[in-house]
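Enquirer: Provide a 3D model corresponding to the input given below.
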Amino acid sequence: MELHRVAVLGGGPGGLYAARLLKLANPACEVVLHEQGEPDATFGFGVGLAAGTQRKLEAADPDTLREIVAAGLRHDMTMTVDGATARVRNDRLVGIARTELLAVLQRHAEKAGVTLHFGSRSSADDLGADDLDADVVVAADGVGSATREAGEFGPSIDVGRGLYLWCGTDFALDDAVFAPVRTEHGVFVTHAYPYAGGATAGTSTFLIETDEATWRRAGFDATTAALDADASDEVSLRYLQDAFAGTLRGHRLIGNRTRWLRFRTVRCDRWSDGRAVLLGDAAHTAHFSIGSGTKLAMEDAIALVEALREEPDRPAAFARYERVRRPSVERLQELARRSQLWWESFPDRLDLPVERLMVAYMSRAGNVPLERFASTAPDVVATALAQYGGGDPPPAGAVTDWVLDRTHPAPADLPVLDVDLDDPWSALGDAILEQARARGSRGILLSGPAARPAVLTRTDLAERVRREVGGPVAVAAPAALRDDLAAALLSGRCDHIVLTEER
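Expert: Numbering: from 1, shown residues only. Coordinates of the predicted model:
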């Protein structure tokens with residue numbers, strides 16, 4: 001498609017990257033980016049780019065990736081519970097300051113010939129006269145996209161139950177850290193990672209989550225309600241700074257319009273409307289525990305520019321862009337949904353040894369097979385196996401068989417409950433819990449559809465029944481899903497497995 005003028009709305013990573021790639025692919029095209037903020041101002045702290053995303057950026061634009069990686073910081077991952085720590089090598093992940101990432105992308109956009117306009121808010125409906133002649137308007141204007149709300153995109157937004165806030169620290173952690181703390185109000189957990197500098201002069205992202213009951217008991221509903229629009233919740237920050245003093249090593253928590261939020265999962269029936277096309281958070285979001293808005297937006301940009309370059313007209317290009325990207329986005333959104341549900345119920349699992357909790361974390365969404373995790377973190381998995389079944393560790397490549405062989409058969413004549421649901425912590429999940437409770441302490445066998453998503457949800461439901469009702473809980477599932485079932489047993493989601501044929 002021949003492009004003469006393109007307007008890009010939003011100067012975040014997705015908008016800047018799309019603008020640069022568009023200009024590189026169409027040197028004669030006028031590409032103008034509009035961003036409401038100033039070039040050196042940003043909201044947030046660090047951004048993480050995983051190995052898969054780096055490979056895609058390398059193929060699309062190696063010069064930009066080279067500078068991003070040079071400015072970033074690699075790190076491993078640890079989980080610490082009650083003083084015990086499990087470590088997993090994960091140094092392919094690069095953390096970079098959001099300010100630095102934007103500076104890199106701004107330089108490369110300008111170097112390609114993109115015109116950058118800062119300090120003016122724009123939607124597809126309020127562009128200037130020149131921009132109204134644009135062949136394409138790329139709306140990368142974020143989760144609160146004015147373009148999405150004004151157009152015919154068919155948006156829907158699901159709001160999570162848990163609460164979280166983003167803050168930072170004034171030193172670089174040694175690794176990415178997952179660490180819960182118990183307080184008089186309940187459990188708070190941090191996801192934290194370094195993104196710049198060293199131990200004496202660096203910075204880290206420090207995200208903190210909790211459940212609504214804990215949040216209210218701590219009085220943070222009141223501090224949230226009292227905040228001005230651009231203020232940080234200093235009451236929460238000072239309390240959490242004390243709560244996480246061990247992880248922070250005496251350093252402070254830093255706010256940047258930091259307030260408690262509930263995650264909003266955005267979905268759209270359509271990603272384009274006329275000449276406008278949505279990109280990144282404007283079109284879709286995925287929970288931060290497994291998704292990355294930066295990753296999705298930059299990968300969107302690659303696919304959109306490729307479609308505009310290779311298709312003959314705008315409708316065909318937009319249709320191709322959505323056809324190529326939607327399956328990957330929806331897959332990640334489903335993984336992120338499962339991960340979000342796991343984190344929202346995280347405090348219930350703190351009785352597990354940290355190695356088994358790490359296995360539960362890695363297998364929570366179903367995207368990391370147990371055997372693969374065992375090959376990348378053999379020490380963690382070997383310890384978890386010893387905790388589960390005792391004896392010598394299994395031979396390489398035999399973790400699944402080892403777990404299943406050491407699991408006791410389900411008690412005979414367990415009452416059977418056939419279930420089919422998406423969210424074990426929903427109202428339907430509550431009703432199933434009451435049915436399980438009414439069947440007494442003999443335990444229960446949960447059966448249902450043979451499809452893998454249904455089985456994964458069934459093991460999560462089994463965990464809830466096991467913890468809240470008690471008694472042995474068995475899950476019926478096809479033998480083809482043995483790896484998922486072994487991970488569920490090792491993670492404490494269920495007590496027994498009943499292998500079935502697919503139906």
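Enquirer: run a quick neighbour tally on residue 327.
Expert: Look at residue 327: counted by other Cβ atoms under 10 Å, it has 10 neighbours. (Each C-beta comes from the backbone N, C-alpha and C, glycine too.)
Enquirer: ok, it to residue 225 distance?
Expert: In this view, residue 327 and residue 225 are 40 Å apart by Cβ to Cβ, to the nearest Å.
Enquirer: which residues touch the residue nearest to residue 179 when sequence neighbours are not counted?
Expert: Computed as Cβ to Cβ, 6 or more residues apart in numbering, the closest residue to residue 179 that is not its neighbour in sequence is residue 80, at 4.6 Å. Neighbouring residues of residue 80 by Cβ atoms under 8 Å, 6 or more residues apart in numbering: 177-179, 247, 354.
Enquirer: which one of the residues you listed is nearest residue 119?
Expert: Nearest to residue 119 among the contacts of residue 80: residue 177, at 37.2 Å, using Cβ to Cβ.
Enquirer: can you say which helix or strand has that closest one in it?
Expert: strand 176-182 (DSSP states H and E).
Enquirer: quick one: contacts of that strand?
Expert: 75-81, 90, 93, 95, 187-194, 243-244, 246-247, 346-347, 350, 361.
Enquirer: parallel or antiparallel, list what pairs with that strand.
Expert: strand 77-81 (parallel), strand 187-197 (antiparallel) (DSSP bridges).
Enquirer: which elements pack onto the very next helix or strand once past the first one?
Expert: So the one you mean is strand 77-81. Downstream of strand 77-81, the next assigned helix or strand under DSSP H and E is strand 84-88. Where contact means 3 or more Cβ pairs under 8 Å, 6 or more residues apart in numbering; DSSP states H and E, strand 84-88 is packed against strand 77-81, helix 354-362, helix 378-389.
Enquirer: OK, contacts around residue 71?
Expert: Shown in contact with residue 71 (Cβ under 8 Å, 6+ apart): 96-97, 100-101, 104.
Enquirer: look up how far residue 481 lies from the nearest residue to residue 363 once chain neighbours are set aside.
Expert: In this structure, residue 363 finds its nearest non-sequential neighbour in residue 487, 4.0 Å apart by Cβ to Cβ, 6+ apart. Per Cβ to Cβ, residue 487 is found 10 Å from residue 481.
Enquirer: cool, residue 115 as well?
Expert: Counting by Cβ to Cβ, the gap from residue 115 to residue 481 is 53 Å.
Enquirer: of these two, who's got more company?
Expert: Using other Cβ under 10 Å as the criterion, residue 115 and residue 481 rank with residue 481 on top: 23 against 14.
Enquirer: quick one: contacts for that one?
Expert: Per Cβ under 8 Å, 6+ apart, neighbours of residue 481: 452, 455.
Enquirer: mind checking how far it is from residue 447?
Expert: 13 Å.
Enquirer: residue 187 too?
Expert: Taken as Cβ to Cβ, the span from residue 187 to residue 447 is 32 Å.
Enquirer: tell me which helix or strand of the chain sits lowest on mean pLDDT?
Expert: Lowest mean confidence among the helices and strands of the chain (mean pLDDT, DSSP states H and E): helix 129-132, at a mean of 56.
Enquirer: ok, then the element right after that helix?
Expert: strand 136-139.
Enquirer: now do that next one: distance to the chain's middle.
Expert: From the chain centre to the centre of strand 136-139 is a distance of 26 Å (Cα atoms, centre = their mean, to the nearest Å).
Enquirer: so which of the helices and strands packed on strand 84-88 is the most surrounded?
Expert: Stretch with highest mean neighbour count among the helices and strands packed on strand 84-88: helix 354-362 (a mean of 24; mean count of other Cβ atoms under 10 Å).
Enquirer: what comes into contact with the helix or strand that comes right after that one?
Expert: Heading C-terminal from helix 354-362, the first helix or strand you meet, by DSSP H and E, is helix 370-376. Residues external to helix 370-376 that are found in contact with it (Cβ under 8 Å, 6+ apart): 88-89, 359, 362-363, 381-382, 396-397, 399-400, 403, 483-484, 486-487, 490.
Enquirer: now do 6 Å
Expert: 362, 381, 399, 483, 486-487 (Cβ atoms under 6 Å, 6 or more residues apart in numbering).
Enquirer: can you count the residues close to residue 429?
Expert: By other Cβ under 10 Å, the residues close to residue 429 number 19.
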